[in-house]
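Peer 1: I would like the atomic coordinates for the input below:
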Amino acid sequence: MEKYIAVVSGTVGAIVSYLVGGLGMAVTVLIALMALDYVTGLLQAMTNRSLNSRVGFNGIIRKIYYLMLVAAVYLIALVIPGIEYAGDGAAIAFCVLEFISITENGTKMGLWMPSFIKNLLAIVKDRTGEGDAK
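Peer 2: Residues are numbered from 1 along each chain as shown. Purely as a prediction, here's the structure:
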């Protein structure tokens, strides 16, 4: 199964890289942050004894969708003049979301978090309306 996943993800990655002329640094950072978020999510679930394979699988599917969305923005930027950096912008936006998720995983584990990061998370949640839902 792992070999199948590696072959499929490698093939898709190569096709996307070819279509967009190579992956930029923003996408590389996004992929690294996605991996860190997934690992911290697993650690948080293990710490809180809430490990669930369905939740983990859905997280991977969500991350694949985000990468496909960023790739789509890169492709659209190829045909619309003047938006060459839109793909990097989309990747950076998702980088910020991944960072927020990583810090939330840390706080859910009861780890210390600098107050400026806690304040930043509160501001982002307030502005996006996410804080009202909980």
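Peer 1: low-scoring stretches of the chain, by residue?
Peer 2: 1-23, 128-134 (pLDDT under 70).
Peer 1: for it, longest helix please?
Peer 2: In terms of residue count, the longest helix belonging to the chain (DSSP state H) is helix 53-79.
Peer 1: after that helix, next one along is what?
Peer 2: Next helix or strand after helix 53-79 toward the C-terminus (DSSP states H and E): helix 86-108.
Peer 1: Mind listing residues that contact that following helix?
Peer 2: Outside of helix 86-108, the residues within contact range by Cβ atoms under 8 Å, 6 or more residues apart in numbering are 20, 24, 26-27, 29-30, 33-34, 36-37, 40-41, 43-44, 47-48, 66, 69-71, 73-74, 76-77, 113, 117-118, 121, 124. C-beta: built from backbone N, CA, C; applies to glycine.
Peer 1: Report the buried members of these.
Peer 2: Buried members of the contacts of helix 86-108, counted by 16 or more other Cβ atoms under 10 Å: 20, 24, 26-27, 30, 33-34, 37, 40-41, 43-44, 66, 70-71, 73-74, 77, 121.
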